[in-house]
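Undergrad: Below are the sequence and a predicted model for it; my questions follow.
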Amino acid sequence: MARYTGPRTRIARKFGEPIFGPDKHLERRNFPPGQHGVNKKRKKTSEYGVQLREKQKAKYTYGMLERQFRNTFEKAQSSKGVTGEVLLQLLESRLDNVVYRLGIAPTRAAARQLVSHRHITVNGLVLNIPSAQLKPGDIIGVREKSKSLESIVDSLTTKKYSKLSWLEWDDSQMAGKFMNVPERTDIPESIKEQLIVELYSK
């Protein structure tokens with residue numbers, strides 16, 4: 001299963017955002033990595049560089065490598081609607097992302113691991129494919145045997161479920177409902193999707 005396993009804080013510092021989730025090191029050193037850090041004079045980035053940076057930011061945010069991200073983009077391109085918006089909707093509809101959004105896991109990487117290790121169910125059945133696309137009405141829950149898992153209990157206790165109009169959470173059942181595919185205005189990520197579309201269109 002391909003995924004990024006390198007230094008996370010370094011990447012977060014590069015973009016100046018906690019794209020992998022809360023990061024205490026980033027709060028202390030919120031300047032670009034490298035020997036000269038704060039004082040390094042940045043050259044003006046080319047148009048291509050700006051577009052590439054935005055694509056890399058999206059890839060790291062959702063925990064995907066190039067081939068998988070490219071395939072998702074091509075799927076968005078062949079769908080009806082605005083390509084950039086559809087791309088973000090497809091990324092937000094991934095099972096690992098929804099597990100993270102519901103607060104079952106503290107980060108997307110942790111959510112991916114929970115799914116892979118068969119702790120998550122969709123409509124009552126165990127589903128261990130992090131990239132699985134959810135459909136409106138799907139019920140995402142924690143497997144009965146995993147409800148007492150320390151990491152899940154801690155995440156649900158410390159990270160209160162963030163109210164998103166397209167998700168619904170039931171504490172008593174430890175399950176959430178994927179109400180509908182989110183609109184662009186409902187997606188909190190600060191990604192300029194049009195730049196990604198322009199990059200792939202070259």
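TA: Done, it's in.
Undergrad: Give the rounded mean pLDDT of stretch 191-202.
TA: Average pLDDT, stretch 191-202: 93.
Undergrad: Quick check: residue 169 is in a strand.
TA: Yes: remark: residue 169 belongs to a strand, assigned using DSSP: H, G, I helix; E, B strand; the rest coil.
Undergrad: backbone phi and psi for the most centrally placed residue in the chain, please?
TA: Geometric centre of the chain, nearest residue: residue 62, 3.3 Å, by Cα atoms, centre = their mean. Dihedral pair for residue 62: phi -90, psi 0, per degrees, to the nearest 10.
Undergrad: in which helix or strand would I find the closest residue to it other than its chain neighbours?
TA: Leaving aside its sequence neighbours, residue 62 sits nearest to residue 91 (Cβ to Cβ, 6 or more residues apart in numbering; 4.9 Å). Where C-beta positions appear, they are placed from N, C-alpha and C, glycine not excepted. Element membership for residue 91 (DSSP states H and E) is helix 83-92.
Undergrad: picking that back up, pLDDT score assigned to the residue nearest to residue 62?
TA: For residue 91, pLDDT reads 97.
Undergrad: Tell me where this protein has helices.
TA: For the chain, helices defined by DSSP state H occupy the ranges 8-15, 24-28, 47-62, 66-77, 83-92, 95-101, 108-116, 150-158, 193-200.
Undergrad: got the ones you listed as JSON lines, with distance to residue 144 columns?
TA: Formatted as JSON lines, those follow (distance: least, Cβ to Cβ, whole Å):
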{"stretch": "helix 8-15", "distance to residue 144": "32"}
{"stretch": "helix 24-28", "distance to residue 144": "34"}
{"stretch": "helix 47-62", "distance to residue 144": "29"}
{"stretch": "helix 66-77", "distance to residue 144": "31"}
{"stretch": "helix 83-92", "distance to residue 144": "27"}
{"stretch": "helix 95-101", "distance to residue 144": "16"}
{"stretch": "helix 108-116", "distance to residue 144": "14"}
{"stretch": "helix 150-158", "distance to residue 144": "12"}
{"stretch": "helix 193-200", "distance to residue 144": "38"}
